[in-house]
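Asks: Turn this into a model:
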Amino acid sequence: MKIVFATKNEGKVREIKEMLASTNVELLSLNHFESLPEIVEDGKTYLENALKKARIVSESTGETVLADDSGLEVAALGGEPGIYSARYAGEGASDDENNARLLDKLKDIPRERRDASFCCALVLYETNGNYHSFEARWQGRIIDESKGDNGFGYDPIFFCPELNKTAAQLPPEIKNKVSHRGQAFAKLKDYLGSLLT
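Replies: Prediction:
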């Protein structure tokens, strides 16, 4: 089964290939295609953004497409940064700039009130226009100092109480099991398994 993953990030593709290793899926990235349209992620939810990406790429390539959208939600900030997680400090902002903006907004909020969750919406879009969605959340808390060298984005300041580590301190094989993305992909894997049996 051939699936196009709607990303140009080969690191992300490698991570997903590992998660889907036992499914006989051939996973391609957007780097295998030329002249795809620019996609503006203007949805109000992760699911809307993932669905839009998946639909446009599927219609452009004629292939079954997998797309995801994810973000961090901090309860004390009313769910910010949410769907704006990747550009919280402005378009083209670095991970460090986004983290700095978040910590600045949380500076007067005590640690015990900094509950947060990573959210992921995953869409598998078929060439006939049917699609299946898989969503998951990972609960944690935001801490003041960056810890760990793994991961990206908000991982160094997202603390997981159950594991007593930040997301950036977890080895990839553990993170891929417990994270929002890992949980959503586990649901996708179960679905693909049911198709192939």
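Asks: which outside residues touch the lowest-mean-pLDDT helix or strand in the chain?
Replies: The weakest-scoring helix or strand in the chain, judged by mean pLDDT, DSSP states H and E, is helix 10-19 (a mean of 80). The set of residues external to helix 10-19 that reach it, using Cβ atoms under 8 Å, 6 or more residues apart in numbering, is Phe5, Thr7, Leu27, Ser29, Asn31, Leu66, Pro172, Asn176, Gly182, Phe185, Ala186, Lys189. Yep, even glycine has a C-beta here, placed from its N, CA and C like the rest.
Asks: can you tell me which of these are in strands?
Replies: Counted as lying in strands by DSSP state E, out of the contacts of helix 10-19, are Phe5, Leu27, Ser29, Leu66.
Asks: With respect to Gly129, which of those residues is nearest?
Replies: Closest approach to Gly129 among those (Cβ to Cβ): Leu66, at 15.4 Å.
Asks: so the closest one bridges to which residues?
Replies: Phe5, Leu124 (DSSP bridges).
Asks: That one contacts Ala121, doesn't it?
Replies: No. Contact criterion Cβ atoms under 8 Å: Leu66 and Ala121 do not qualify, at 11.6 Å.
Asks: Between those two, point out the one with more neighbours.
Replies: Leu66 (27 against 24; other Cβ atoms under 10 Å).
Asks: can you pull the pLDDT of that one?
Replies: With respect to pLDDT, Leu66 has a value of 97.
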